[in-house]
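# After the sequence you'll find the predicted model.
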Amino acid sequence: MAQVPLTVPPEVKQQMREALGLGQPIHIQYFKWIIQFFWIEPLNGIDALFGTGLAEGQLRVISWQTRSPVIDIVIQRLPQTLWVVGVAYVVGILIALPIGIISAYRQYSIFDQAGTFITMIGFSVPPFFSGVLVIVIFSVQLGWFPSIYDTMHVVDDWASFKVQIWQMFLPVMVLALQITSQISRFMRASMLDNLSHDYVRTARAKGLSEATVVLVHVLRNSMIPVVTVIALGVPSIFGGAIITEQVFKVNGIGQLLITAIQANDLPMVQTLTFIFAILIVLFNLIADVLYGLLDPRIRYD
Amino acid sequence: MTEISDPLDIDRPPSNRWAEVWRQFRAHKGAMAGAVVFGLIIAGVFLGPFIYPHDPQYLPSGRDFITLRDTRPIYVALWDPSAKVNWHYVLGTDNLGRDNLARFLSGGRVSISVGLTAMILSIVLGTFVGLIAGFFRLFDGPLMRLTDLFLALPILPLILVASVLFRESLALSLGPEMGTFLLIVGLIGLTSWMQTARIVRGDVLALKEREFILAARSIGTTPRNLILNHILPNVMSPILVSATLGIATAIITESALSFLGFGFPPDFPTWGKLLNDAVDRMTLYPERVIWPGTLISLTVLSVNYLGDGLRDALDPRSRSR
């Protein structure tokens, strides 16, 4: 509303404010938003799926920037975020687990020293620097990868899939470095904790092969805290990597949130942050349930 | 690693806990390197302006503006004789002719001050919540649920939204720089105390069952004195470790905020802000990206190593290593 020209008379301005739903006190605005979010939006979802007309004529949560329903924009943006951040998460975990296991098994070896140093760097170099650095090195100097993620790119055959992989490479690399360093530190600490337990000696004394001892007995017990960390990180996939998306111009959820904040788009920001909050609570719950599944000693009465 | 002390060596000073911790800490090479680098960065950033007295805000005008803007660092002349260098400006100037080195120094002062202040705030909050929750059974439930609530919040989006909401009013009442400083420090502090609170609470719960607390309680020590004189000194080591690691997180968060354009006002340089400003022209002037980025990374890396070493030195279980 700050950008409305000064020539607009005050009573018209007042009407515009009321049209945006700003006429009522805060708690009524919030209550109306809750109704829209929890009742009208799901009805719209049902309408879209089954072609019914349940939400006919009901006002949806409308973005102030684009005048289109917030949920539609979120659904448009979600694939980009899931592609980049989701792939990075999977890649990060796949790299982190072996590194953590080997570093713990061969503690203080050269591999462990190097691994610890690299994870420490991944932990300390912020994505807005590592992202910019890989752009300078790999796309400006060497010219191997594009520096900007093309959101309009459609994957329909092998060649376009290769292009997609190519353009995803840098953001995924930057994100995976961070995720790897977090998870492999956890994995290493947890393995080290378990390797000194008595049951490991018992398993070895029974004559089990070293691989069985480490990869079955110790790994299963060490996975308990690591699985929690992994589960707690999943909401951040949907939240999008705000900074990495900004650096590589990925048109995802994080970028949506930033532009919404910059444009004072209240309904968009409110809805997005609420969705994040729901996801975080949900995955906290899932992590707790997984805890109980992995460790039979933990019981929730 | 463990030295066998000579029983006849009576001149040896009585070994106390902190001497032992210091010995352990010195043995950790990474931690020592981290401490030295962090010390150097702090000294350079705070004392540097006395050795290099250039005004980071000085804008050349008229003909000077043309000759002084966009100069490269002097080391570029080594491989590129045609580069525009000026021996007066060691690291060159930016696109408005402001001295880069002076800006990096003053940016570092802001970034490190924000990191330290936010860390102190979050440690004080976390320790307070942890002590109260661990000591008084009545407050344990509510305070720990509050901690869980804060842990569940998505931090970066929350800070972004809050900084937009409160920026104007704080800037009006306290001035743009002070207002933003307080806002950012407050937001980072308020969103990063939870880990400390959890660790402190766990330790207090374990300490409460020990005999010396029972003894102190039985001679009539008040809860206040019990907490301040008997419990707090015993939970200092985990607090110290999370304080160190807290500096690193605070510096990263501040730089991220500045990078996204939600930090300090444009003419007020911080490392994240300088990096953000330089990204658009990084192919022409890579030094303006690489210097602030390296400084942030180096500071955080050294602080993290320092925290790791402190943890190892303060943890009695890993001491016999």
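Perfect, thanks for sending it.
# Relative to residue A:33, how far out is residue A:260?
Per CB to CB, to the nearest Å, residue A:260 is found 15 Å from residue A:33. Where C-beta positions appear, they are placed from N, C-alpha and C, glycine not excepted.
# Likewise for residue A:128?
Look at residue A:128 and residue A:33: by CB to CB, they are 33 Å apart.
# which one of those two has more residues nearby?
residue A:128 (26 against 17; other CB atoms under 10 Å in any protein chain shown).
# dump the residue contacts of whatever residue of the stretch 101-250 of chain B ends up closest to chain A.
As assessed by CB to the nearest CB, chain A sits closest to residue B:154 within the stretch 101-250 of chain B, at 4.4 Å. Contact analysis of residue B:154 by CB atoms under 8 Å, 6 or more residues apart in numbering or on different chains lists A:235-236, A:239, A:273, A:276-277, A:280.
# By pLDDT, give me the weakest of those.
Among the contacts of residue B:154, residue A:239 carries the weakest pLDDT, at 64.
# Near chain A, which residues of the stretch 201-321 of chain B are found?
Contacts of the stretch 201-321 of chain B with chain A, taken as CB under 8 Å from any CB of the partner chain, map to B:248, B:252, B:255-256, B:259-262, B:272, B:275-276, B:279, B:282-283, B:286, B:289-290, B:293-294, B:296-297, B:300-301, B:304-305, B:308.
# Which ChimeraX command selects the buried ones in those residues?
To isolate the buried members of those in ChimeraX, using 16 or more other CB atoms under 10 Å in any protein chain shown:
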select /B:248,252,255,256,259,260,261,262,272,275,276,279,282,286,289,290,293,296,297,300,301,304,305,308
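# Which of the residues of the stretch 201-321 of chain B next to chain A fall in helices?
B:248, B:252, B:255-256, B:259, B:272, B:275-276, B:279, B:289-290, B:293-294, B:296-297, B:300-301, B:304-305, B:308 (DSSP state H).
# least trustworthy helix or strand in the chain by mean pLDDT?
Going with chain A. Using mean pLDDT, DSSP states H and E, the weakest-scoring helix or strand in chain A turns out to be helix A:41-50, at a mean of 75.
# think we crossed wires, I meant chain B
Lowest by mean pLDDT, DSSP H and E among the helices and strands of chain B is helix B:63-68, with a mean of 73.
# check which helix or strand covers residue 172.
Here I'm looking at chain A. Using DSSP states H and E, residue A:172 maps to helix A:158-195.
# oops, chain B please
Assigned by DSSP H and E, residue B:172 falls within helix B:155-174.
# Can you list the buried residues in that helix?
B:156-163, B:167, B:170-171.
# Then stretch B:128-146?
Of all the residues in stretch B:128-146, those buried under the rule 16+ other CB under 10 Å are B:129-135, B:140, B:143-144.
# ok, now stretch A:276-293?
Buried residues in stretch A:276-293 (16+ other CB under 10 Å): A:276-277, A:279-280, A:283-284, A:287, A:290-291.
# Now render the residues you listed as CSV, adding secondary structure and distance to residue A:183.
Listed next are those as CSV, based on DSSP: H, G, I helix; E, B strand; the rest coil; distance: CB to CB, whole Å:
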residue, secondary structure, distance to residue A:183
A:276, helix, 21
A:277, helix, 24
A:279, helix, 19
A:280, helix, 18
A:283, helix, 15
A:284, helix, 18
A:287, helix, 14
A:290, helix, 15
A:291, helix, 17
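# can you narrow the residues you listed to ones near chain B?
The overlap between the buried residues of stretch A:276-293 and the neighbours of chain B (CB under 8 Å from any CB) comes to A:276-277, A:280, A:284.
# and the stretch 51-200 of chain A, which residues reach chain B?
Within the stretch 51-200 of chain A, the positions near chain B by CB under 8 Å from any CB are A:120-121, A:123-126, A:128-129, A:132-133, A:135-136, A:140.
# Return the member of the residues you listed nearest to residue B:202.
Closest to residue B:202 out of those is residue A:123 (23.5 Å), distances taken as CB to CB.
# Show me the residue sitting in the middle of chain B in space.
Note on chain B: the residue nearest the mean C-alpha position is residue B:247, at 2.3 Å, using CA atoms, centre = their mean.
# Surely it and residue B:121 touch.
No: using CB atoms under 8 Å, residue B:247 makes no contact with residue B:121, being 11.9 Å away.
# Return the residues in contact with residue 135.
In the absence of a named chain, chain A is used. Shown in contact with residue A:135 (CB under 8 Å, 6+ apart): A:147, A:170, A:247-248, B:282.
# that's the wrong chain, I wanted chain B
Counting by CB under 8 Å, 6+ apart, residue B:135 has contacts B:204, B:208, B:223, B:226-227, B:231.
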